[in-house]
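Asker: Curious how this folds, go ahead:
(one chain, ligands or ions: 1)
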Amino acid sequence: MPIPAQLREGTGIVQTLAPPALTYDYQHSNIGNAVILHADCFEWLSRIPEDSLHAIVTDPPYGVKEYDLLQIEKRASGIGGVWRIPPSFDGHPRAPLPRFTALNAKERATLRDFFVRWARLAVRSLRPGGHVCIASNSFLSQFVFAALVEGGLEFRGEIIRLVGTLRGGDKPKGAEEEFPDVCSLPRGRYEPWGLLRKPLPPRMTVAECLRTWQTGGLRRLPDGRPFSDVIMSERTPKRERAIADHPSLKPQSFMRQIVHCALPLGYGLVADPFAGSGATLAAAEAIGVRAIGAERYADYYTMACEAIPRLAALPVTFHPQQQALFAAEMDDTGEGEAL
Ligand SMILES: C[S@@+](CC[C@H](N)C(=O)[O-])C[C@H]1O[C@@H](n2cnc3c(N)ncnc32)[C@H](O)[C@@H]1O
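Answerer: Predicted structure coming up:
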């Protein structure tokens with residue numbers, strides 16, 4: 001099913017506001033309405049003026065250490081570290097995945113500190129009512145979301161990206177033949193994205209927040225139905241991975257939907273502080289909204305500069321089952337029409 005024209009071609013609202021100068025002395029590249037910076041986001045977020053961002057859509061280093069330079073090098077050499085090769089069931093080699101269950105108590109404390117510190121900066125940078133959509137996984141989300149709330153964000157729920165992953169489902173390690181009917185964790189079939197918000201000023205209603213800050217709510221689907229918190233998704237298609245060979249590249253079909261929902265009035269500035277190869281920025285560019293992102297690692301920054309225009313130019317389609325979900329919703333309400 002083709003993506004609706006408004007989602008593909010922009011919101012129809014002409015964005016006349018000049019982008020604020022948030023690039024400072026960082027190496028950066030402008031790609032249409034998007035800007036990618038080669039920067040550490042902790043430093044960058046602490047420099048930008050308060051209340052600068054309308055929304056944050058991001059996919060952070062969940063285990064915190066998997067994107068340390070040492071771990072990126074270990075991943076490249078295939079020796080040791082937090083990245084492991086999942087078992088192959090069909091003879092095809094698998095790409096390495098980070099081993100989050102290997103985090104010990106000290107690393108979990110580090111993870112908590114990381115996200116509390118990050119949330120404080122996000123609260124400072126966001127306009128009141130600005131949303132944060134943040135990728136996680138079913139194993140670590142409880143720690144990550146709790147830390148974000150501790151850092152000052154308000155928890156608003158989760159967006160469930162339904163997608164087949166290679167996580168979990170393994171037989172007990174070292175005793176696979178002894179316990180052939182057991183798996184130690186369920187096979188992952190979803191990715192939880194935390195939905196959080198910078199608290200509204202005391203007694204301010206959502207309507208007042210929308211008028212004052214253009215934030216506070218989520219944008220409805222292009223046909224007027226509410227944005228839904230379950231999204232049938234897909235593994236990142238090969239043609240997107242061929243453009244950006246980043247280990248955590250997210251699919252455009254999903255990213256365009258969440259970037260669209262993050263700006264309730266269809267305009268404003270979306271940030272991705274952990275930009276990677278630029279999937280969020282490409283999604284924003286594709287749907288015609290302004291975005292800015294930071295990536296700390298030089299090779300991924302360079303990758304993003306090249307990938308953003310190419311990912312943004314791709315036409316995308318919804319997962320075929322997304323259509324079934326919409327149909328079920330229509331049966332419940334008796335309203336709506338197919339996209
Ligand atoms: C999970 S990946 C995001 C990938 C992204 N979803 C994509 O589609 O390309 C997280 C990224 O954050 C970067 N990163 C880690 N710490 C950072 C920091 N303090 N500031 C900016 N980028 C950082 C890593 O190098 C990595 O590329």
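
Asker: from here on, contacts and neighbour counts on C-alpha atoms
Answerer: Fine.

Asker: Who are the contact partners of C305?
Answerer: By CA atoms under 8 Å, 6 or more residues apart in numbering, the residues touching C305 are 29, 31, 36, 277-278.

Asker: What helix or strand is it located in?
Answerer: Assigned by DSSP states H and E, C305 falls within helix 298-313.

Asker: E73 too?
Answerer: Counting by DSSP H and E, E73 is found in helix 69-77.

Asker: for stretch 45-53, the distance to its chain's centre please.
Answerer: How far stretch 45-53 lies from its chain's middle: 20 Å, per CA atoms, centre = their mean, to the nearest Å.

Asker: What of stretch 236-245?
Answerer: 16 Å.

Asker: for stretch 164-174, same thing?
Answerer: What separates the centre of stretch 164-174 from the centre of its chain is 24 Å, taken as CA atoms, centre = their mean.

Asker: just stretch 250-266 next, same as before
Answerer: Distance, centroid of stretch 250-266 to centroid of chain: 9 Å (CA atoms, centre = their mean).

Asker: Quickly check: that stretch near the ligand or not.
Answerer: Yes: for stretch 250-266, a contact with the ligand is found by CA under 6 Å from any ligand atom, at K250.

Asker: Let me know the closest of the contacts of C305 to the ligand.
Answerer: Closest approach to the ligand among those (CA to the nearest ligand atom): S277, at 3.6 Å.

Asker: Hmm, P309 and that closest one touching each other?
Answerer: No: between S277 and P309 there is no contact under CA atoms under 8 Å: 11.2 Å.

Asker: Who has more neighbours out of the two?
Answerer: Remark: of S277 and P309, S277 carries more neighbours, 29 against 19, as counted by other CA atoms under 10 Å.

Asker: Now do the buried residues in the helix holding C305.
Answerer: Of the residues in helix 298-313, 300-309, 311-312 count as buried by neighbour count, 16 or more other CA atoms under 10 Å.

Asker: which parts of the stretch 151-300 of the chain sit against the ligand?
Answerer: Checking the stretch 151-300 of the chain against the ligand by CA under 6 Å from any ligand atom, the hits are 246, 248-250, 273-279, 294-297, 300.

Asker: ok, of the residues you listed, which one's closest to V149?
Answerer: Checking those against V149 by CA to CA gives P273 as the nearest, at 18.0 Å.

Asker: Not including adjacent chain positions, what is the nearest residue to that closest one?
Answerer: A294 (4.8 Å; CA to CA, 6 or more residues apart in numbering).

Asker: Which one (most neighbours) among the contacts of C305?
Answerer: Neighbour tally across the contacts of C305 (other CA under 10 Å): the maximum, 33 neighbours, falls on G278.

Asker: for the protein, longest helix please?
Answerer: Identified as the longest helix of the chain according to DSSP state H is helix 105-125.

Asker: Mind listing residues that contact that one?
Answerer: Applying CA under 8 Å, 6+ apart, the external contacts of helix 105-125 come out as 42, 45-46, 48-53, 62-64, 143-144, 147-153, 198.

Asker: again, only using 6 Å
Answerer: For helix 105-125, the surrounding residues in contact (CA atoms under 6 Å, 6 or more residues apart in numbering) are 45, 50-53, 64, 147-148, 151, 198.

Asker: Using CSV, lay out those together with neighbour count.
Answerer: Output for the contacts of helix 105-125, formatted as CSV (neighbours: other CA atoms under 10 Å):
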residue, neighbour count
L45, 23
E50, 15
D51, 16
S52, 20
L53, 26
V64, 17
A147, 21
L148, 25
G151, 21
K198, 27
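
Asker: Now do the longest helix of the chain: distance to the chain's middle.
Answerer: Distance of helix 105-125 from the chain centroid (CA atoms, centre = their mean) equals 17 Å.

Asker: Please apply the same query to stretch 224-232.
Answerer: Distance, stretch centre to chain centre, for stretch 224-232: 16 Å (CA atoms, centre = their mean).

Asker: mind checking the SS state of the residue nearest to P273?
Answerer: Following DSSP: H, G, I helix; E, B strand; the rest coil, the label given to A294 is strand.

Asker: Please work out how many residues are found near it.
Answerer: 26.

Asker: So which of the contacts of C305 sit within strands?
Answerer: The strands, defined by DSSP state E, take in 29, 31, 36 from these.

Asker: out of the residues of the stretch 151-300 of the chain next to the ligand, which is most surrounded?
Answerer: Compared across these, G278 has the highest neighbour count, 33 neighbours, by other CA under 10 Å.

Asker: circling back: ok, then the element right after the longest helix of the chain?
Answerer: strand 126-135.

Asker: elements contacting that following strand?
Answerer: Secondary-structure packing of strand 126-135 (3 or more CA pairs under 6 Å, 6 or more residues apart in numbering; DSSP states H and E): strand 53-58, strand 190-197.

Asker: Neighbouring strands - and their directions - for it?
Answerer: If you go by DSSP bridges, strand 126-135 pairs up with strand 53-58 (parallel), strand 190-197 (antiparallel).
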